[in-house]
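# Provided below for reference: sequence and predicted model.
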Amino acid sequence: MLALLIRLGLRFEDRIEEHRFVDQYVRGSLGWTQIAMLLGAATYAGYTLWDWVLYPEVVPTTLAIRGGTAVFILLPLTALLSRRWMKPWAETIFLVYCVIPGCILPSIYLVLPSGFTFAAPGMMMIILFVSTMLPLRIGSLAIFCLLSWVALLVAESFASTMPAGLRFINHSLVGNAYALSLYAVAAREYRARKQFRTSEALQREKERSEKSLRDLRATQEHLVQAEKLASLGRLVAGVAHEVSTPLGLALTTSTAMQADLQTMADALGGASVRRSDLTKGIDRLKQGIDLTFDNLHRASEMVHSFRQVAVHQADEDRRSFELRDWLSELTSKLGPLLSHHGLTVEVQCPAGIKLNSYPGALAQVISNLALNTAAHAYPDKRGGRFVVTVSQPDPKSVRLVCADEGVGIPDELQAHVFDPFVTTSRERGNAGLGLHIAFNLVASSLNGRLRLERKAGPGTQIAIEIPVEEPVAREPRRLEV
């Protein structure tokens, strides 16, 4: 029998899965089931009204049977479900709740003068209630059908007289009702089991997806941390490489000056000192001091540039400013600095665009892009144009496009152009930090995006997209290298 139920999809092979299904199917909505049980008890006792309409003389007997069953059996069973320790026995309580009134009902027809004339409708009402209102499984319903049918047969055996053919009609109707109720309950349970399996599969898939997502995030965090460490290693290597050259020259020069100074001291300690030797020694010391100062100054400037890599919130306070006038003022300040490179700055900006942002950070970004253009786009200093074009694609953002018509960026470097220490002019003393600093300022301070775009014709085009108004409660994002 168990194998047949498994084959029909009315039972699970896995006991744990079967237990979870029963717990959900039978005990899932006990509150609504209790309401149905109260309604069933009231209906069962209320049929006494029909007895009173047809046969008032037998009402005390039928009321005692119907009312006693409802008060002493059905209602206490309903109340038992409110006890937490009785919930595991819910299906047994449902079965007892159905079987007892189903077996008692045929005895009432022995009391009624009409006998079993209305037995089939009464039994069918109970079958209808049991199969639709209570969460019985097919096995429990089959037990109810068998016991209640046996009770009907036993009650009919005690009947004194029955019209010819009534027994056949009653059992035909009741048997048909049993068959329909068994099919309906089996179909309902089959659908519930399919839905349960689907929900279980979805739950397992959800848990698997969440685990995969957690693993993916852990992997991403590991990769990000590894990339941070790799970037830190590249930064340290770049700092060491860039700073070691001027410091090494300064150290070598200091060592040479120390030897020259010792030579002069030895000469002064002698019997006689020639003026030419003294003059020559002083000249060498002066050259050494100048060379040491130049190299230390160069190293200091490099360290200052390296400090800009760790971008924090701009020191300048956030304020509102009109973009066109601000750009005109900025280009007038950049003009003298870029004039000896032969670079002219042009601004194309419509009037009326106002920003509530950090002008200091934006000024540093545009200055870095302009200086990068002067150093790399026109390396022979033949002169060129640096054009800043401003547009407002939507009311919440502003787009600034910085373009030139220079030599452009090699294809193999375009994917890494914003990485630190990426440069094509290292031999001229460029550290490769200008675009990296600009990228970090736009991302961290201005809360925007900076990207390299393809340009029709020669040259380079870099787009900056920033919000018109920076959120007041924005927490400054710290850059980790």
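In hand now; what should we look at? For clarity, every value in this text was computed on a predicted model and none was experimentally measured.
# Need phi/psi at residue 452.
Backbone torsions of residue 452, given as degrees, to the nearest 10, read phi -90, psi 130.
# what's it in contact with, if anything?
409, 414, 417-418, 460-462 (Cβ atoms under 8 Å, 6 or more residues apart in numbering). Just so you know, the C-beta spots here come from the backbone N, C-alpha and C atoms, and that holds for glycine as well.
# again, only this time at 6 Å
By Cβ atoms under 6 Å, 6 or more residues apart in numbering, the contact set of residue 452 is 414, 417, 462.
# of these, closest to residue 371?
Minimum distance to residue 371 across the contacts of residue 452 is 13.1 Å, recorded for residue 462 (Cβ to Cβ).
# How is the chain partitioned into domains?
Here the domain parsing of the chain from the TED database is 1-311, 319-467.
# Return the most buried member of these.
Highest mean neighbour count of the domains of the chain: domain 319-467, a mean of 17 (counted as mean count of other Cβ atoms under 10 Å).
# what about that one, distance to the chain center?
Here domain 319-467 is found 35 Å from its chain centre; the criterion is Cα atoms, centre = their mean, to the nearest Å.
# For the protein, which segments count as strands?
In the chain, the strands defined using DSSP state E lie at 319-322, 343-348, 354-357, 384-394, 397-404, 449-453, 461-467.
# before we move on, the earlier item: JSON lines please, covering the contacts of residue 452 and showing distance to residue 439 and pLDDT.
Output for those, formatted as JSON lines (distance: Cβ to Cβ, whole Å; pLDDT from 0 to 100):
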{"residue": "414", "distance to residue 439": "14", "pLDDT": "78"}
{"residue": "417", "distance to residue 439": "9", "pLDDT": "78"}
{"residue": "462", "distance to residue 439": "10", "pLDDT": "90"}
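# ok, which stretches of the chain are helices?
2-7, 15-27, 30-46, 48-54, 59-69, 75-80, 90-111, 119-133, 138-157, 166-268, 275-309, 323-339, 359-372, 434-440 (DSSP state H).
# if we can go back for a sec, to residue 332, which of the strands of the chain lies closest?
strand 343-348 (9.2 Å).
# just checking, what packs against that closest one?
helix 323-339, strand 384-394 (3 or more Cβ pairs under 6 Å, 6 or more residues apart in numbering; DSSP states H and E).
# Where does the prediction get shaky in the stretch 301-450 of the chain?
Residue ranges of the stretch 301-450 of the chain with pLDDT under 70: 301-302, 304-317, 336, 340, 381, 424-432.
# what do you get if the cut-off is 90, keeping everything else the same?
Counting by pLDDT under 90, the stretch 301-450 of the chain shows low-confidence ranges at 301-321, 328-347, 351-353, 355-386, 392-396, 404-448, 450.
# Residue 18 - nearest residue in space that isn't next to it in sequence?
Nearest residue to residue 18 in three dimensions, chain neighbours excluded: residue 12, at 4.3 Å (Cβ to Cβ, 6 or more residues apart in numbering).
# try residue 158
Residue nearest to residue 158 in three dimensions, not counting chain neighbours: residue 110, with 5.9 Å by Cβ to Cβ, 6+ apart.
# cool, residue 289 as well?
residue 257 (7.1 Å).
# Check the gap between that neighbour and residue 251 for me.
11 Å (Cβ to Cβ, to the nearest Å).
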